[in-house]
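In: A predicted structure for the sequence below; I have some questions about it.
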Amino acid sequence: LVSSKRPAMLLNCEQLEPRRTLSVNAFLSGGKLIIIGSPQADRLAITQAGDQILVSGLDANTLVNRAPQASFHMSDLKRDVFVQLDGGDNVVRIGGEDESSHTDEADDHSGEGGLVLPGNLTIKTNSGHDAVRVSFVQIVGNLQISTGAGADTVDIGRGPTFASEDHTEHSTSIAAAEPHDDGGCEDEGGPPADVIIGGSLSVSTSGGDDGVKVAFTAIGGSLDISTGTDNDTVVTGRGPIRGVHGEDECGDSAAASGLAAAAVDAGEHGGKPADVRVAGDVSVSVGVGNDLFLLKNMHVGEDVRALAQGTTARLGTQNLQVEGDTSIASTAAYNLVAILRSQFSGDFNLKTGGVDLALIDRSSFASAVDISLRGDSDALCIRDSIFLDEVGIDGGPGIDAVFLADDNLFAEEVELPHIESGDVDTQALSATVSDIDVGFGLYLQGHPN
C-alpha cells in the first residue's frame with residue numbers, strides 16, 4: 001500500500017544582512033582633500049580643531065568613512081579641498097565656528113580661530129534642495145560653489161541665512177531672519193571679515209528658486225554670481241536694507257510724507273563702512289524669472305557689471321562704493337530700481353526695458369552718468385545726489401516722468417531726450433516710491449505715514 005501522507009516540510013529562516021547607512025567618502029590624495037557624497041541626502045560639516053581637519057556628519061544618517069567623523073592632519077593638506085555631493089537635499093557647512101555663539105562685541109578675530117585652507121575650495125552639488133554655508137574660514141586660493149537643479153541657498157559669511165538647514169522653512173528672504181548685526185555705525189575702516197578669500201569667489205546656481213548671500217567677506221580677486229532660471233535672490237552685506245522709509249543706518253529719522261518719505265533726512269552721502277570688500281571686479285547675472293539683487297555695504301576695487309532678465313526685476317544698491325565703472329542692465333518687462341547712498345567713481349550706466357520705476361537717492365557720481373529707461377512708460381526720481389560730470393537721461397518710447405529734486409547738485413545741465421516737462425507728476429512719483437518699497441518687500445524697511 002502507498003501512504004497518502006505528505007512528508008513534513010522543514011522551514012528555514014535565512015538571516016538578512018544588516019541594513020547599512022550609505023557613507024560619504026573622504027580621503028587625501030596628493031595633498032588634496034577629496035570628499036565624495038553618497039546617493040542620499042548628506043549633511044556635512046568641515047571644521048578645524050587644533051591641527052586636525054574634521055569632516056563630520058551633522059546627523060545620525062550621515063556617516064563619513066562609515067563613522068560619524070573622519071579626521072586628517074592639517075600638515076597633510078597641502079593643496080585644495082574638493083567636495084562633490086550627489087542628488088538629495090544636501091547641507092554643507094564650512095567653517096570653524098558656529099556664528100550663533102558670537103556677538104558683534106566679541107567678534108574681533110577677523111577670521112581667526114576658524115578653518116584655514118591652503119589652496120582652493122570647490123563645492124559642487126547635484127539636483128535637490130541644497131544649502132551651502134561658509135563662515136569663519138580663510139581660503140588662500142579661490143572659492144567656487146556650483147549647485148544643480150532645485151531650490152538652493154548659498155550663504156557666505158555670518159548673519160541671517162536664507163533657510164533652516166533641515167529645509168523645513170526654505171525661503172529666499174533673508175530679512176525674515178533676525179539680523180546678526182542691527183546696524184551700528186563704525187567710525188572708520190570696516191567690520192572684520194570672518195570669511196577671507198585670497199583669490200576669487202564664484203557662485204553658480206541652476207534652475208529653481210535660489211538664494212545667494214555674501215556678508216562679512218574680504219575677497220582678494222573678483223566676485224562672480226550667476227543664477228539660473230526661476231525666482232532668484234542675490235544679496236550682499238549685513239542685515240536688511242534700510243534708508244528708504246523709517247530710520248536710516250545710524251538711527252536718524254526720515255521725513256514723513258510725500259517724496260520726502262523716500263529718503264532719510266539730509267546729511268553726508270554714503271553709509272556705514274562696507275562689510276564686503278572685493279579687490280577686483282563684481283559680476284552678477286540673474287536668469288529668467290522674478291529676480292531680486294541688492295548690492296549693499298560693499299566696496300569694489302574695480303568694475304561692477306549686473307544683468308537681470310525675465311518677468312520682473314528688483315535691482316538695488318545701498319552703501320555700494322565702486323572705484324571703477326558700473327553697468328546695471330535689465331531686459332525684464334517690469335523693473336524696480338533703487339540706488340541708495342552709493343558712491344560711484346567711474347562711469348555709471350543704467351539700462352532697463354519695459355515699465356520702469358526708479359529712485360536715486362543720496363548718491364554721488366564722479367564721472368559720466370547714462371540712464372536709459374527703454375520701452376513703455378517709466379518714472380524716475382532723483383533727490384539729494386551729486387553729479388560731477390555730464391548726465392544723460394533717455395526715457396525712450398512711452399510716457400515718461402522725471403522728477404529732479406532741488407537738493408541735487410549737477411555740474412552740467414541734464415540732457416532729457418524723449419521726456420517732456422509736462423509729464424512730471426509729483427503725486428504720481430510719490431506713489432512710485434511706495435511701489436518701489438512694496439516691490440522690494442522686506443528688504444526696504446518701514447512705510448510712509
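Out: Nice, thanks for sending it over.
In: any idea which helix or strand of the protein has the worst average confidence?
Out: One helix or strand of the chain scores below all others by mean pLDDT, DSSP states H and E: helix 426-440, with a mean of 54.
In: So, low pLDDT: which residues of the stretch 101-250 of the chain?
Out: Where the stretch 101-250 of the chain drops to pLDDT under 70, the residues are 101-113, 159-191, 239-250.
In: Okay, strands next: where are they in it?
Out: All strands of the stretch 101-250 of the chain, identified by DSSP state E, counting those that start in this stretch, fall at 115-117, 121-124, 131-134, 137-139, 143-146, 153-156, 195-197, 201-204, 211-214, 217-219, 223-226, 233-236.
In: hang on, residue 40 packs against residue 22?
Out: Yes - when contacts are counted by Cβ atoms under 8 Å, residue 40 is listed as touching residue 22 (5.3 Å). Placement of C-beta: from N, CA and C, glycine included.
In: The two: who's more crowded?
Out: Neighbour count, other Cβ atoms under 10 Å: between residue 40 and residue 22, residue 40 has more, with 17 against 14.
In: Checking that one next. Helix, strand or coil?
Out: When classified by DSSP: H, G, I helix; E, B strand; the rest coil, residue 40 comes out as coil.
In: Identify the residues contacting it.
Out: The contact partners of residue 40, by Cβ atoms under 8 Å, 6 or more residues apart in numbering, come to 22, 61, 86, 88.
In: One more pass at 7 Å, please.
Out: Applying Cβ atoms under 7 Å, 6 or more residues apart in numbering to residue 40 gives the contacts 22, 88.
In: One more: residue 414?
Out: Neighbouring residues of residue 414 by Cβ under 7 Å, 6+ apart: 391, 393, 404.
In: How about the contacts made by residue 39?
Out: 22, 86, 87.
In: Recalculate using a threshold of 10 Å.
Out: Counting by Cβ atoms under 10 Å, 6 or more residues apart in numbering, residue 39 touches 22, 85, 86, 87, 88, 126.
In: measure the fifth one to residue 57 for me?
Out: Read it as residue 88. Shown here: residue 88 relative to residue 57, a distance of 14 Å by Cβ to Cβ, to the nearest Å.
In: Which neighbours do these two have in common?
Out: Here residue 88 and residue 57 have 42, 43 as joint contacts, going by Cβ under 10 Å, 6+ apart.
In: Tell me who's in contact with the nearest residue to residue 134 once chain neighbours are set aside.
Out: Leaving aside its sequence neighbours, residue 134 sits nearest to residue 94 (Cβ to Cβ, 6 or more residues apart in numbering; 4.5 Å). Residue 94 makes contacts with 44-47, 81, 83, 114-115, 117, 121, 123, 132-137, 139, 143, 145, 156, 195, as judged by Cβ under 10 Å, 6+ apart.
In: Swap in 6 Å and give it another go.
Out: With contact taken as Cβ atoms under 6 Å, 6 or more residues apart in numbering, residue 94 is in contact with 46, 134, 137.
In: how close does it get to residue 228?
Out: For residue 94, the distance to residue 228 equals 22 Å [Cβ to Cβ].
In: likewise residue 84?
Out: 19 Å.
In: Tell me which of those two has more neighbours.
Out: Neighbour totals were compared for residue 84 and residue 228, and residue 228 leads with 20 against 14 (other Cβ under 10 Å).
In: Residue 287 is in contact with that one, correct?
Out: Yes - counting by Cβ atoms under 6 Å, residue 287 is a contact partner of residue 228 at 4.8 Å.
In: Low-confidence ranges, the stretch 251-400 of the chain, go.
Out: For the stretch 251-400 of the chain, residues meeting the criterion pLDDT under 70 lie at 251-273, 375, 396-399.
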